[in-house]
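Asks: Give me a model of this one.
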Amino acid sequence: MRRTLPSLSALVAFESAARYSSFTRAGEELGLTQSAVSRQIAYLEHFLGITLFERVRRRVILTEAGQTYASQIRMMLNRAEAATIDLLTVNGAESTLRICSLATFATHWLMPRLGSFLEKHPNISVQISSYHHHTFEDITEDIDVAIHYGGASWPDGLVDKLFEEELIPVCTPTYAEKHNISSPADLVRATLLQQTTRPDAWLTLLRDCDIDNFNALKGPRFEMYSMIIEGAIAGIGVGAVPRFLISDHLREGRLVTPFEKSVRSTSCYYLAYPEAKRQLAQVRDFRRWIRGEASRAL
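Replies: Residues are numbered from 1 along each chain as shown. Sure, this is the predicted structure:
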């Protein structure tokens, strides 16, 4: 069946003109004259039977229909470009593994270990992206595996448990010495680094220690654990972060636990993957590798 599509060159010219609100600047980007871009837009408007731009003095402004169309065409072109780059990047590799991970997990746990996977599987081209609060439906179309924090199920997907979340207090040795922190009660002298998605972490930890003489919710708030980890390393305060994320920092002495106390979350970290992709060789290889790494890190 023949597709109802205008020419690709017209769509590329339209997307560029929409971004710049200028036919001239679009032409400069594409190596075309202003009149050539104008002809492409005229052709596209005729093809669609819709006005995409309003001409206001020396500028062009998207109509409401033009704004909607530009957003959709931009996504389409981005996907086509990504697919092309993927194919060029693989360049003979047998398969591509697309991983979507929580940003902190990717930065502080996955990346330091990924070299061993790549060494064992040189035929697999790895692509890693991050996400924050997407649902499974938002990401499964473009990924093969994902790092998921939460419950042991995901709609239309399978999960392998990697870690429980055990939060421990950490700071630099200098900070602990400067503020004389060696017990939970000493945190009254500290700045507590708060995590926005675990707002009760410090409150729970201190209640378990029977400490309630100061506000455990007070302190600068950060969206991701990676920010808290860097804040603790910078000497801003004391963070409550998952033990497995900072094992390297603890081993190398950049961070210390000023006292032994932890809080276990009811949620865990999982490797999630669409059921339809469970038999892909690259998914099977990655599952085997990451479960092995997770078991060694416990």
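Asks: moving C-terminal of the helix of greatest length in the chain, what's the next helix or strand?
Replies: With secondary structure taken from DSSP state H, the chain has its longest helix at helix 64-90. Sequence-wise, the next helix or strand downstream of helix 64-90 (DSSP states H and E) is strand 95-102.
Asks: how about that next one: buried residues?
Replies: With burial defined by 16 or more other Cβ atoms under 10 Å, the residues of strand 95-102 counted as buried are L97, R98, I99, C100, S101, L102. Just so you know, the C-beta spots here come from the backbone N, C-alpha and C atoms, and that holds for glycine as well.
Asks: Kindly report the same for stretch 9-23.
Replies: The neighbour-count check on stretch 9-23 (16+ other Cβ under 10 Å) flags A10, L11, V12, A13, F14, E15, S16, A17, A18, Y20, S22, F23 as buried.
Asks: and which of those is nearest R296?
Replies: If you rank those by distance to R296 using Cβ to Cβ, E15 comes first, at 47.4 Å.
Asks: Output the contacting helices and strands for whichever strand or helix holds the closest one.
Replies: In the assignment (DSSP H and E), E15 maps to helix 8-20. Here helix 8-20 is seen to pack against helix 23-30, helix 34-48, helix 64-90 when contacts are counted using 3 or more Cβ pairs under 8 Å, 6 or more residues apart in numbering; DSSP states H and E.
Asks: who's in contact with it?
Replies: With Cβ atoms under 8 Å, 6 or more residues apart in numbering as the contact definition, helix 8-20 has outside contacts at 23, 25-26, 29-30, 32, 36-37, 40-41, 43-44, 47, 52-53, 60, 62, 66-67, 69-70, 73-74, 76-77.
Asks: Could you pull up the residues touching T104?
Replies: Under the criterion of Cβ under 8 Å, 6+ apart, the contact list for T104 reads M224, Y225, S226, I229, L245.
Asks: The fourth one: what's it in contact with?
Replies: Right, I229. T104, H108, V170, G239, V241, L245, I246, H249, L255.
Asks: how close does the fourth one get to G253?
Replies: Taking Cβ to Cβ, to the nearest Å as the measure, G239 and G253 are separated by 16 Å.
Asks: higher neighbour count, those two?
Replies: Summary of the neighbour comparison: G239 and G253, criterion other Cβ atoms under 10 Å, with G239 having more neighbours (29 against 9).
Asks: and that one, how far is that from R74?
Replies: From G239 over to R74 (counting by Cβ to Cβ), the distance is 39 Å.
Asks: what's the burial count for K120?
Replies: 11.
Asks: Find the nearest non-adjacent residue to it, please.
Replies: Nearest non-adjacent residue to K120, counting by Cβ to Cβ, 6 or more residues apart in numbering: W289, 6.9 Å away.
Asks: Surely that neighbour and G115 touch.
Replies: No: taking contacts as Cβ atoms under 8 Å, W289 lies outside contact range of G115: 11.4 Å.
Asks: Tell me which of those two has more neighbours.
Replies: W289 (17 against 9).
Asks: Give me the phi and psi angles of the residue nearest to I233 when sequence neighbours are not counted.
Replies: Taking Cβ to Cβ, 6+ apart, and ignoring the residues beside it in sequence, I233 has R254 as its nearest neighbour in space, at 5.8 Å. Note on R254: backbone dihedrals following degrees, to the nearest 10 are phi -70, psi -30.
Asks: if we can go back for a sec, for E166, see how far away the residue nearest to K120 is.
Replies: From W289 over to E166 the distance is 23 Å, taken as Cβ to Cβ.
Asks: now swap in S265 and tell me
Replies: S265 sits at a distance of 8 Å from E166 (criterion: Cβ to Cβ).
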